[in-house]
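Asker: Everything below, folded, please.
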Amino acid sequence: MKSIALDTSVVLRLLVGEPRTQAVQAYEYLEECYLAGVAVYVTDLVVAETYHGLCHHYHVPIKEVVEHLTEFLSSSMITSGGHALTVLTEYEGTGAGFVDRLIRAEALNNAQEIVTFDKKFARLPNVRKIPYNNQPC
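Answerer: Here you go, the predicted model:
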């Protein structure tokens, strides 16, 4: 089956609807792909960029961003790669941020533990703060 991947700029147009002409083009293209049986793929990195764009550029509240991205990635028209949908589904918008949680999900595919200096991040399972006395691993 043929597949294509969406860039952050396309996902933002689909979610924000601006600029209108590009948003319409993006939606029509997505619909054509869906009807033609072409898989439309969105990477975790695109989801992370979209998250930050919506929060910081468009000033959408975090909980709304999480809702919109979860709905978008749950669409039958989208194939979500990696961990983004699972992380979004579990994220309540408080504590360690979405991208930290996404990093954690990916890292735990290859490691048993993550070390950080971020106090909120260190509260998650399998994440610990590097001690100041530099204890060995």
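
Asker: alpha carbons only for contacts and neighbour counts from here, please
Answerer: Will do.

Asker: quick one, strands of the chain?
Answerer: Assigned by DSSP state E, the chain shows strands spanning 3-5, 39-42, 79-80, 114-116, 127-129.

Asker: nearest to G95, of the ones you listed?
Answerer: strand 127-129 (13.3 Å; Cα to Cα).

Asker: what sits up against the helix or strand of the chain with the lowest mean pLDDT?
Answerer: Least confident helix or strand, the chain: strand 79-80 with a mean of 92, by mean pLDDT, DSSP states H and E. Strand 79-80 has contacts (Cα atoms under 8 Å, 6 or more residues apart in numbering) with A39, V40, Y41, V42, T43, D44, L73, S74.

Asker: go on, stretch 110-119?
Answerer: So stretch 110-119 is contacted by R104, A107, L108, A122, N126, V127, R128, K129, I130 (Cα under 8 Å, 6+ apart).

Asker: One more: stretch 6-26?
Answerer: With contact meaning Cα under 8 Å, 6+ apart, stretch 6-26 is reached by Y27, V40, Y41, V42, V46, V47, E49, T50, G53, L54, H68.

Asker: contacting residues for the residue most central in space within the chain?
Answerer: Against the mean C-alpha coordinate of the chain, by Cα atoms, centre = their mean, the closest residue is V47 at 3.1 Å. Listed by Cα under 8 Å, 6+ apart, the contact set of V47 reads T8, L69, A84.
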